[in-house]
Structure formats: C-alpha cells, structure tokens
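Colleague: return atomic coordinates for the entry below.
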Amino acid sequence: MTTTKRNKIIYWVATIWLSLGMVATGISQLLRSEQEIASMAKLGYPPYLLTIIGIGKLLGVITVLAPKFPLLKEWAYAGFTFTMLGALVSHMVSNSQAAEFFGPALLLVLTFTSWYFRPADRKVKSIN
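Modeller: Below is the predicted model:
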C-alpha cells in the first residue's frame, strides 16, 4: 500500500469518527437533555452555552466534510480543538471523574489526526 493511500484511509477513518462524535454530541447539546444541562451546571457554565457549542459542532462537521473551502476547514479544526481543550480543562478544574475525560480527549485526538492527514486539496495553499 502506498503512503498516499494509507494517509487517505487514516484521514477518512478519523474524519468519519470525528464527524459522528461531533454530530452526536452537538445534537445532544441542542436538544438540551437533562444530562447535558446537569453536566454544564457541574462545570459552572450556563445552559445557553449548549446551543452555541451544539451549533458550532454541526457547522464544523459540515465544513470539514465539504469538498472545498480549505480556510474554513482550518477554522473548523481550530474550533473543534478549542472546544475539546476547553472541555478537558473544565473537567480538570471541576474534579470530574476520569471517565469524563474520555470523550473530549478522543475527539481531540481525532481532530488532530483528521487535520494532520487531510489531503492536499483540503489544505490552505501557502503563498511562497
């Protein structure tokens, strides 16, 4: 198997899992389930933040999966990174159980993997 083919497989596997995770959690946040509201309260955040994060995740997934718009993709990956880092830090400072770290940590790893292995046509062209 060529390196290019291997990288493409890694990219699509990571991107599909990242997208599924972001869509699932984004919808859950938009539906403002009791569990999501309780989790946000435990972390010290207001419930309306669920709507902002949920919409951001869904828009980010659409952007990452769309065939063009490489600059918007960079912003989507950055948004995913900031959101997951924020979740991890929030869980750390609120003394959450170890299991609470798994979801954001996994999505952060998938974000970096998808970003790193993205094909050239999904990258911003450098100006040299």
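Colleague: only C-alpha atoms from now on, for both contacts and neighbour counts.
Modeller: Noted.
Colleague: helices or strands next to the helix or strand of the chain with the lowest mean pLDDT in the packing?
Modeller: Here the helix or strand of the chain ranked lowest by mean pLDDT, DSSP states H and E is helix 34-43, holding a mean of 93. The helices and strands touching helix 34-43, judged by 3 or more Cα pairs under 8 Å, 6 or more residues apart in numbering; DSSP states H and E, are helix 48-65.
Colleague: show me what the helix it packs on is in contact with.
Modeller: By Cα atoms under 8 Å, 6 or more residues apart in numbering, the surrounding residues in contact with helix 48-65 are 15, 19, 22-23, 25-30, 32, 36-37, 40, 69, 72-73, 76-77, 79-80, 83.
Colleague: next, the angle helix 48-65 makes with the least confident helix or strand of the chain.
Modeller: Helix 34-43 and helix 48-65 are oriented at 110 degrees to each other (axes from the mean of the first three to the mean of the last three Cα atoms, to 10 degrees).
Colleague: list phi and psi for the residue positioned nearest the centre of the chain.
Modeller: When Cα atoms, centre = their mean is applied to the chain, the residue found nearest the centroid is F80 (3.7 Å). Main-chain torsions, F80, degrees, to the nearest 10: phi -60, psi -40.
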